[in-house]
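Peer 1: what follows is a predicted structure for the sequence shown.
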Amino acid sequence: QVQLVESGGGSVQAGGSLRLSCAASAYTYRTNCMGWFRQAPGKEREGVASICTGGGSTYYTDSVKGRFTISQDNAKNTVYLHMDSLKPEDTAIYYCAAGRSWTRIYYWGQGTQVTVSS
């Protein structure tokens, strides 16, 4: 069983920046793609960004393109989400996820709160 450990959430004012980290306890084919989902109160969970090993292909949901950047450190089995120009609508619990592909998620992190105030 692979464990995902998240860190880096917090509170920031609009326009500010945060960086989330997610470390996987091991690399397997089931952690080939890693990234972040988020869920705001009263809303469904949505995929935010992902990155896949072997080519480094990335995905961003439209609302974060140009503001968020996902990167990875393969040696540490860790992915990072750099969030710039944060908006109040980015407020949510952010969950790290890992899977064979971004549509086949096997593992979830515990979630970390991101709060952006106006």
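Peer 2: Noted; the coordinates are in hand.
Peer 1: CA only for contacts and neighbour counts going forward, please
Peer 2: Fine.
Peer 1: do you know the pLDDT at the residue nearest in space to the middle of the chain?
Peer 2: Closest residue to the average C-alpha location of the chain: W36 at 2.5 Å, with Cα atoms, centre = their mean. Here the pLDDT value assigned to W36 is 97.
Peer 1: and the pLDDT at the spatially closest residue to it that is not a sequence neighbour?
Peer 2: Excluding the flanking residues, the one nearest W36 by Cα to Cα, 6 or more residues apart in numbering is C96, at 4.6 Å. In this model, C96 is scored at 97, pLDDT.
Peer 1: and if you look at A75?
Peer 2: 89.
Peer 1: does Y29 touch R100 like I think?
Peer 2: Yes - if you go by Cα atoms under 8 Å, Y29 and R100 touch, sitting 5.9 Å apart.
Peer 1: quick one, which of those two is more surrounded?
Peer 2: R100 (18 against 11; other Cα atoms under 10 Å).
Peer 1: alpha carbons of the helix or strand hosting T69, as PDB, please.
Peer 2: For T69, the host element (DSSP states H and E) is strand 68-73. Presented in PDB, the C-alpha positions along strand 68-73 are these (Å, rounded to 0.1, in the frame of the first residue of the first chain):
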ATOM      1  CA  PHE A  68      -0.500  26.900 -11.200                       C
ATOM      2  CA  THR A  69       2.500  24.800 -12.100                       C
ATOM      3  CA  ILE A  70       3.000  21.200 -11.300                       C
ATOM      4  CA  SER A  71       6.400  19.600 -11.100                       C
ATOM      5  CA  GLN A  72       8.000  16.400  -9.800                       C
ATOM      6  CA  ASP A  73      11.200  15.200  -8.200                       C
END
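Peer 1: okay, buried residues for it please.
Peer 2: 68-72 (16 or more other Cα atoms under 10 Å).
Peer 1: report pLDDT for the closest residue to R19 other than its chain neighbours.
Peer 2: Excluding the flanking residues, the one nearest R19 by Cα to Cα, 6+ apart is H82, at 4.5 Å. Residue-level confidence at H82 comes out at 98, pLDDT.
Peer 1: thank you, goodbye.
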